[in-house]
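Chemist: Turn this into a structure:
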Amino acid sequence: MSDAELVEELRQVPQKQKFLVILDDIWTIEAWNSLCEAFPKKNTGSKILLTSRNKDVSLHADPRGFLYELQHLNDKWSLELLEKIISHRKDSISKIRMEKLGKEMIEYCGGLPLAITILGGLLAAKQTQEDWENVFRYVKSHKENFGVNKVFALSYNDLPCHLNPCFLYLGHFLKGFEIRSKELIRMWMAEDGEDTMEDEGERYLQELVQRCMVQVGKIGSLGRIKTCRIHDLMHDFCIAKAQRENFLLISNIRSLGLSEEHIGKIRRLAINWKSGDECLQGIKLKKYPYLRSLLYFLPHLNHVNLPEDIGLLIHLKFLSIKNSTMTSLPSPLGNLRCLQTLHLRSNEMSVPNVFKKMEQLRHLYLPGKYKVSEKLELANLCYLQTLENVQPKTIQMATSFKLNCLRVLGVWCYYKEPAQDAIQIVSSCPHIHKLSLSMIINMLPEVHQFSPNLAKLTLRNTQLNIDPMATFENLPNLKILRLLHKTFLGDTMVCSKGGFPLLQSLVICRLDKLKEWSVEKGAMPSLCHLEIVACMCLKTIPDALRFIINLQELEIRWMPKSFKDRLIKGGTDFYKVQHVPSLVFQWCIL
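Modeler: Got it, this is the predicted structure:
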């Protein structure tokens with residue numbers, strides 16, 4: 001949102017209600033002034049709590065307001081914070097020596113939690129006492145001006161050489177930006193001249209997290225880091241370092257148009273939108289023939305299409321125009337033969353048959369709805385690992401069609417498809433780990449037609465007439481199963497003894513006709529997480545859930561109140577779930 005849109009949104013808060021508003025990290029008086037008009041001037045008994053590094057901001061907002069100034073950590077708390085970060089290294093370094101060195105080093109951190117955290121992340125990566133002593137000598141030699149930036153520099157200089165560019169790449173993103181780890185890792189991999197596995201990228205990210213240089217945002221369903229970010233001050237350091245080393249240029253359209261200094265030299269470009277910029281048409285792509293990475297941050301790519309000269313960026317490896325309102329793709333896009341990731345997930349779009357030329361393509365995200373003038377040729381994309389939103393009727397499917405490297409497949413269609421089309425495309429991907437089917441098919445592929453490696457399966461609107469559990473419970477490596485809106489139209493589901501041996505998470509959502517779900521003792525022994533959402537005809541949960549001792553979370557949402565009352569303490573079915581540590585009930589209705 002723009003400031004004006006945010007102010008207007010906040011104005012909608014009822015004026016007569018009391019509310020608490022928390023505004024985190026207000027840096028400047030101007031930032032406060034742009035928002036304060038949204039709040040009522042009259043005394044409603046409401047409260048506003050804001051945090052800032054600038055004392056003048058709080059005094060300007062309300063000179064008579066309560067001001068709480070955070071104190072630096074004392075020696076005891078500083079040491080506790082350090083020990084918490086490095087606790088897993090205590091076996092490799094003498095505890096007594098560690099405490100002595102740790103106490104001496106944190107004295108130079110001045111009680112600043114961020115400095116202690118980054119220093120702790122650095123020490124946690126050190127295996128020997130000698131390594132610790134080397135860090136101590138550096139800290140001591142800079143004791144006169146040792147602060148957060150010195151800690152940042154120390155931590156950056158200590159990175160292995162393969163992690164330096166990974167860290168600097170974070171400078172592409174806006175301050176406070178929630179970075180999708182999957183996309184970040186693919187950008188890293190696109191920078192690598194060799195075919196580096198993405199699992200290695202996961203390890204790189206984990207190492208930056210362990211060093212406290214990157215913060216974890218959300219965790220995905222399989223336990224991997226889904227989003228991440230970096231601290232604002234670390235971001236400032238990253239930007240300064242990246243630009244000083246000519247690793248990255250950060251600009252806006254207007255400034256870029258006025259500058260001739262970097263033309264022809266830029267490899268990585270991040271453009272931040274400013275009011276009055278001309279969007280993508282303002283970039284003369286032919287001026288940047290060696291560009292490997294182009295990120296464009298703006299509110300929306302509205303009523304804009306990619307320029308025809310996009311085909312000149314022949315070295316480009318990662319291109320994302322997701323969430324745009326583009327209506328078509330230019331055919332010169334096919335010239336991008338080095339492209340590894342193409343993210344087109346957006347509204348309806350016309351897609352030309354150009355992917356056949358992109359033989360290095362690893363990840364292809366098609367639009368949610370798309371039209372083709374001729375069927376898309378994908379058979380020669382031998383490195384393709386991800387294919388999302390594909391409609392079976394829009395691609396050429398020869399009898400021998402195989403995508404042997406494909407690991408993630410999403411099949412989506414807003415009209416009824418012959419079941420055979422879906423079966424053929426699923427069968428052509430023998431090694432997939434993650435499959436999503438969102439289309440009316442009425443019947444499932446046979447068990448042997450699914451990949452034996454399948455770990456995550458999501459179905460939506462398949463409108464199956466036969467109980468799908470009989471098929472799914474025999475998939476040997478299935479860990480996550482999500483049966484969403486109108487997956488199954490029957491009224492009874494059965495999970496047999498010994499079925500779902502590795503299943504950890506099960507979601508049952510909006511199966512409108514489901515009345516009875518039975519689970520035989522010995523089924524789903526590994527189940528940890530269960531969600532039941534808006535299955536309004538379901539009478540109760542299976543009795544055998546009481547035997548699943550690994551069940552840690554049960555979430556019940558949008559279910560009848562009578563269903564909830566049976567499961568709460570004192571209810572007739574409470575004995576089935578009394579062993580579950582976390583029971584969550586939300587929005588249960590009469």
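
Chemist: State the distance from residue 75 to residue 56.
Modeler: Separation of residue 75 from residue 56 (Cβ to Cβ, to the nearest Å): 30 Å. In this view, the C-beta of every residue, glycine as well, is placed from N, C-alpha and C.

Chemist: Then residue 267?
Modeler: With distances taken as Cβ to Cβ, residue 267 is found 40 Å from residue 56.

Chemist: Contacts only, for residue 583.
Modeler: Each residue near residue 583 by Cβ atoms under 8 Å, 6 or more residues apart in numbering is listed here: 554, 556, 567-568, 577.

Chemist: again with residue 530
Modeler: With Cβ under 8 Å, 6+ apart, residue 530 has these contacts: 505-507, 545, 551, 553-555.

Chemist: Please enumerate the strands of the stretch 51-200 of the chain.
Modeler: For the stretch 51-200 of the chain, the strands defined by DSSP state E, counting those that start in this stretch cover 179-180.

Chemist: now the helices for it?
Modeler: Listed in chain order, the helices found in the stretch 51-200 of the chain under DSSP state H, counting those that start in this stretch are 55-61, 75-86, 95-107, 113-124, 129-141, 148-157, 164-169, 181-191, 198-210.

Chemist: Determine the set of other helices and strands touching the second one.
Modeler: Meaning helix 75-86. The contact analysis (3 or more Cβ pairs under 8 Å, 6 or more residues apart in numbering; DSSP states H and E) places helix 75-86 against helix 95-107, helix 113-124.

Chemist: most remote residue from the chain's center?
Modeler: What lies farthest from the middle of the chain is residue 64; by Cα atoms, centre = their mean that is 41.7 Å.

Chemist: what about that one, distance to residue 494?
Modeler: 67 Å.

Chemist: wait, which of the helices of the stretch 51-200 of the chain is closest to residue 38?
Modeler: With Cβ to Cβ as the measure, helix 55-61 is the member of those nearest residue 38 (13.1 Å).

Chemist: buried ones in that closest one?
Modeler: Under the neighbour-count criterion of 16 or more other Cβ atoms under 10 Å, helix 55-61 has 57-58, 61 buried.

Chemist: likewise stretch 370-381?
Modeler: 370, 376, 378-379, 381.

Chemist: Between all of those, which two are separated the most?
Modeler: Spatial extent of the buried residues of stretch 370-381 (Cβ to Cβ) is set by the pair 370 and 379 at 18.8 Å.

Chemist: Three-state assignment for residue 22, please.
Modeler: Under the three-state scheme (DSSP: H, G, I helix; E, B strand; the rest coil), the conformation of residue 22 reads as strand.

Chemist: tally of neighbours for it?
Modeler: By the criterion of other Cβ atoms under 10 Å, residue 22 has 9 neighbours.

Chemist: hang on, it packs against residue 49?
Modeler: Yes. Counting by Cβ atoms under 8 Å, residue 22 does reach residue 49; the two are 4.9 Å apart.

Chemist: Mind listing the shared neighbours of the two?
Modeler: Among the neighbours of residue 22, none is also in contact with residue 49 (Cβ under 8 Å, 6+ apart).

Chemist: Compute the distance between residue 378 and residue 428, please.
Modeler: 10 Å.
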